[in-house]
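**Student:** Need a 3D model of the following:
(one chain, ligands or ions: 1)
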Amino acid sequence: MLHSQERGLKVMSRRHHRNVNPEDLKLTRSKFTTIGKLWKELSNNRGLLFLVLFLVLVNTIFGILGPFLIGYAIDQFIYKQTLSGIIPLLIGLITVYFFYSLTSFLQNYWMIGIAQETVFTMRTRIFTHLQNLPISFFDKRQHGEIMSRVTNDMDNISSTLNSSVIQIFSSVLTLTGTIIFMLWLSPLLTAITMTIVPLLYFGMKWITNRTSKYFKEQQKHLGLLNGFVEETISGQKIIKSYSQEEFVIDEFLQKSNALKKAGFWAQTISGFIPKLMNMLNNLSYALIAFVGGMLALKGDLTVGIIVTFTEYARQFTRPLHDLANQYNQLLSAVAGAERVYEVLEEEKEEIDEIHAAPVERVKGNVEFQNVSFSYGRDENTIKNICFQVENGQTVALVGPTGAGKSTIINLLMRFYKPQSGTILIDGKNIQTITRESLRSFYGFVLQDVYLFEGTFRENIRYGKLDATDEEVEEAAKKANAHSFIMKLPNGYDTKLTEDGSGISQGQKQLLSVARAILRNPSILILDEAMSNIDTVTEIKLQEALQRLMQNRTTFVIAHRLNTIQNADQILVVYEGEIAERGTHETLLKKKGLYYQMYKQKENTIVV
Ligand SMILES: Nc1ncnc2c1ncn2[C@@H]1O[C@H](COP(=O)(O)OP(=O)(O)OP(=O)(O)O)[C@@H](O)[C@H]1O
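**Tutor:** Next up, the predicted model:
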């Protein structure tokens with residue numbers, strides 16, 4: 001058991017684990033709507049789907065015919081001890097069981113094809129849709145939560161579609177067919193077989209009432225343990241530097257123990273289910289044999305019918321059990337599908353206004369005219385911002401954390417739309433420029449450098465996808481990144497890991513500068529890195545940045561003084577307003593907010 005828990009843990013930590021939410025297992029009206037939507041997705045392969053359903057029907061009929069023929073054989077040949085006519089019956093039996101197996105195989109094969117195709121289409125749709133959602137969607141949600149919809153929820157839908165559709169149809173058909181046949185053969189024996197249904201129902205209820213508590217607990221502890229493991233892995237440096245290894249191991253043991261206990265009871269009690277099924281099956285055999293035997297003695301029933309009945313009794317409990325089993329799985333998959341549809345139904349980034357048109361090139365004059373904006377309904381995050389920047393100038397945005405500096409950039413990028421006021425580039429309202437064309441004028445060097453798994457060359461080329469190798473190297477040289485890249489084992493073709501681990505923070509910044517140089521933007525946005533850069537790299541970075549900033553309008557979210565000192569304008573943002581503006585000298589002379597920040601931090605304005 002522990003082994004399977006450990007394996008579960010590995011799988012869980014690889015995917016962003018989502019606890020089973022008890023709400024997921026409630027049948028609500030919206031779940032029916034979602035089932036309808038899923039059915040529509042499946043119906044994209046309508047022809048094949050109906051073929052599968054037809055095969056399920058044929059399969060069920062063969063499944064019911066088999067025991068009937070065996071009963072017939074007993075009555076006709078074994079009981080009467082004659083062999084004449086047995087050959088056609090044997091051929092019939094072989095044919096029935098052959099087609100029973102063949103239809104089982106084919107229905108599974110085609111259904112898995114349909115399910116995989118459906119999930120593939122949905123997964124593509126959700127990923128494509130995510131690329132078209134506005135930044136506000138991502139800002140409002142945890143990233144792990146969104147990821148879990150694309151991975152976990154889709155996975156859940158996939159495995160359910162693979163098996164549940166067939167199982168549900170087949171169970172319902174088998175139940176109906178078996179009951180009809182049983183009633184036809186002997187209503188009395190049917191009634192006796194049915195007596196196990198309430199027993200099965202109450203027995204299962206008794207068990208699941210107990211297990212659901214333990215399963216919930218197991219899920220909870222698994223989630224906690226999973227979160228803890230993730231936390232300790234990402235925090236290894238801190239754990240080691242504070243020598244907290246023993247402490248985390250102790251905590252792990254506590255959490256793992258809680259999981260072991262919950263797992264033990266959940267598995268033990270749920271293990272009663274097959275035992276109960278067996279017991280009830282045996283009970284129904286005994287009842288059928290007893291009552292059937294009495295009836296046979298009286299000549300009301302044949303032995304063959306009794307044998308057929310015992311087989312039907314087994315066929316009858318299996319779909320009951322399957323349906324009960326499928327129910328929870330289906331509901332949890334439908335809940336997953338609800339979350340997927342929630343994303344799919346999120347509105348895409350506003351379509352550009354009808355009058356918006358692409359613009360070829362801009363010089364980089366930027367103007368904010370009385371711009372106000374709020375993320376929610378509460379007070380405005382930025383209020384009545386006005387400023388003007390000539391092309392080629394450098395503007396530094398300084399101010400305490402949460403003042404609204406990044407928000408100004410978000411508006412400039414059209415990630416959000418101002419509630420009032422206008423933002424102009426080269427005298428043109430940015431709302432009249434298509435987003436794609438507008439964003440092509442910007443280049444970034446941000447604190448968090450986005451690097452992906454690929455070579456250094458590919459990562460730099462991200463700035464301009466059609467750049468030649470020479471252009472990439474030229475940009476790297478200008479960004480002072482060439483020399484460190486050349487020292488790598490495969491130079492530009494060295495692979496970077498997903499998060500760029502293995503290279504320093506400063507080197508990541510240099511790559512980011514190379515990217516921006518390659519992009520050759522009219523407007524540059526710099527979010528200065530605050531720490532973790534050694535002095536030599538820092539000098540290289542500053543030099544590369546100076547080169548990059550030349551003749552470009554540059555917005556710097558500044559944390560350090562050296563960039564600010566040379567800025568053409570410094571805007572001191574305070575509680576969403578521009579509290580002061582001017583150059584370094586004029587602001588120092590003014591002895592206001594800027595002066596205080598400067599004094600406080602000596603040479604470093606940490607904002
Ligand atoms: N996506 C968002 N949704 C809601 N509120 C937000 C969002 N982003 C920022 N805010 C809020 O808006 C205010 C301004 O945030 P902003 O990120 O612009 O500040 P900042 O000056 O750039 O701060 P920092 O220097 O820490 O990055 C803060 O109070 C912040 O909590």
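
**Student:** use CA for all of it now, contacts and neighbours both
**Tutor:** Will do.

**Student:** Who are the packing partners of the host helix or strand of V229?
**Tutor:** In the assignment (DSSP states H and E), V229 maps to helix 196-234. Helix 196-234 is packed against helix 2-14, helix 245-270, helix 272-298, with contacts defined by 3 or more Cα pairs under 8 Å, 6 or more residues apart in numbering; DSSP states H and E.

**Student:** Give me the nearest residue to Y416, chain neighbours excluded.
**Tutor:** Spatially, and ignoring its direct neighbours in sequence, Y416 is nearest to N410 (6.2 Å; Cα to Cα, 6 or more residues apart in numbering).

**Student:** Report the buried residues of stretch 183-192.
**Tutor:** Using 16 or more other Cα atoms under 10 Å as the test for burial, stretch 183-192 gives 185-186, 189-190.

**Student:** List of residues touching it?
**Tutor:** For stretch 183-192, the external contacting residues (Cα atoms under 8 Å, 6 or more residues apart in numbering) are 179, 182, 284, 287-288, 291-292, 305, 309.

**Student:** Which residues are in contact with the nearest residue to S212 once chain neighbours are set aside?
**Tutor:** Nearest non-adjacent residue to S212, counting by Cα to Cα, 6+ apart: A266, 7.7 Å away. A266 is in contact with 211-212, 214-215, 218, counting by Cα under 8 Å, 6+ apart.

**Student:** Local confidence estimate at A266?
**Tutor:** Reported pLDDT at A266 in the predicted model: 83.

**Student:** and if you look at E602?
**Tutor:** pLDDT, E602: 55.

**Student:** what does V11 give?
**Tutor:** Reported pLDDT at V11 in the predicted model: 32.

**Student:** Tabulate the CA atom coordinates of stretch 476-489 in CSV.
**Tutor:** The C-alpha atoms that make up stretch 476-489 are tabulated as CSV, following Å, rounded to 0.1, in the frame of the first residue of the first chain:
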residue,chain,number,x,y,z
ALA,A,476,24.7,38.9,-28.4
LYS,A,477,28.0,40.8,-29.0
LYS,A,478,26.3,44.2,-28.5
ALA,A,479,24.7,42.8,-25.4
ASN,A,480,28.0,41.7,-24.0
ALA,A,481,26.7,38.1,-23.9
HIS,A,482,28.9,36.7,-26.7
SER,A,483,31.9,36.0,-24.6
PHE,A,484,30.1,34.0,-21.9
ILE,A,485,28.1,32.1,-24.5
MET,A,486,31.3,31.2,-26.4
LYS,A,487,32.7,29.6,-23.2
LEU,A,488,29.8,27.2,-23.0
PRO,A,489,30.5,23.6,-24.3
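
**Student:** Same list, the contacts of stretch 183-192, but as JSON lines with neighbour count, distance to the ligand and pLDDT please.
**Tutor:** Below are the contacts of stretch 183-192 laid out as JSON lines (neighbours: other Cα atoms under 10 Å; distance: Cα to the nearest ligand atom, whole Å; pLDDT from 0 to 100):
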{"residue": "I179", "neighbour count": "20", "distance to the ligand": "60", "pLDDT": "90"}
{"residue": "M182", "neighbour count": "22", "distance to the ligand": "64", "pLDDT": "88"}
{"residue": "S284", "neighbour count": "22", "distance to the ligand": "63", "pLDDT": "85"}
{"residue": "L287", "neighbour count": "17", "distance to the ligand": "68", "pLDDT": "88"}
{"residue": "I288", "neighbour count": "22", "distance to the ligand": "68", "pLDDT": "87"}
{"residue": "V291", "neighbour count": "16", "distance to the ligand": "73", "pLDDT": "89"}
{"residue": "G292", "neighbour count": "26", "distance to the ligand": "73", "pLDDT": "88"}
{"residue": "I305", "neighbour count": "24", "distance to the ligand": "72", "pLDDT": "88"}
{"residue": "F309", "neighbour count": "29", "distance to the ligand": "66", "pLDDT": "86"}
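
**Student:** Need the max-distance pair from these.
**Tutor:** Across those, the longest distance by Cα to Cα is 18.0 Å; it joins I179 and V291.

**Student:** coming back round to it: when you compare pLDDT across the contacts of A266, which one is lowest?
**Tutor:** Within the contacts of A266, pLDDT is lowest for S212, at 75.

**Student:** ok, that one - how many residues close by?
**Tutor:** Residues near S212, counting by other Cα atoms under 10 Å, number 15.

**Student:** any idea which helix or strand comes after the helix or strand of the chain with the lowest mean pLDDT?
**Tutor:** Sorted by mean pLDDT, DSSP states H and E, the helices and strands of the chain end with helix 2-14, the least confident at a mean of 32. Moving toward the C-terminus from helix 2-14, the next helix or strand (DSSP H and E) is helix 29-42.

**Student:** packing partners for that following helix?
**Tutor:** With contacts taken as 3+ Cα pairs under 8 Å, 6+ apart, helix 29-42 sits against helix 86-131, helix 303-344.

**Student:** Go through the ones you listed and pick out the most buried.
**Tutor:** helix 303-344 (a mean of 20; mean count of other Cα atoms under 10 Å).

**Student:** which outside residues touch the helix or strand just after that helix?
**Tutor:** Downstream of helix 303-344, the next assigned helix or strand under DSSP H and E is strand 366-373. Residues outside strand 366-373 that contact it (Cα under 8 Å, 6+ apart): 380-391, 417-427.

**Student:** let's see it at 7 Å
**Tutor:** Around strand 366-373, the neighbours that count as contacts under Cα atoms under 7 Å, 6 or more residues apart in numbering are 380-390, 418-426.

**Student:** which intervals of the stretch 201-350 of the chain have sub-threshold pLDDT?
**Tutor:** Residues of the stretch 201-350 of the chain meeting the criterion pLDDT under 70: 350.

**Student:** In it, what residue lies closest to the ligand?
**Tutor:** E349 (14.9 Å; Cα to the nearest ligand atom).

**Student:** So that residue sits against N132, correct?
**Tutor:** Yes - counting by Cα atoms under 7 Å, N132 is a contact partner of E349 at 5.9 Å.

**Student:** The two: which has the busier surroundings?
**Tutor:** E349 (18 against 14).

**Student:** quick one: that one from R414, how far?
**Tutor:** 10 Å (Cα to Cα, to the nearest Å).

**Student:** what's the answer for F215, then?
**Tutor:** F215 is 47 Å from R414, by Cα to Cα.

**Student:** Would you map the strands across the stretch 351-500 of the chain?
**Tutor:** For the stretch 351-500 of the chain, the strands defined by DSSP state E, counting those that start in this stretch occupy 366-373, 382-389, 394-398, 420-425, 428-429, 442-445, 454-455, 495-496.

**Student:** circling back: got a list of what the residue of the stretch 201-350 of the chain closest to the ligand touches?
**Tutor:** By Cα under 7 Å, 6+ apart, the contact set of E349 is 132-134.

**Student:** Grab the nearest non-local neighbour of it.
**Tutor:** Nearest one to E349, counting by Cα to Cα, 6+ apart, is P134 at 4.5 Å.

**Student:** Do you know the pLDDT at the one you found?
**Tutor:** So P134 comes in at 88 (pLDDT).
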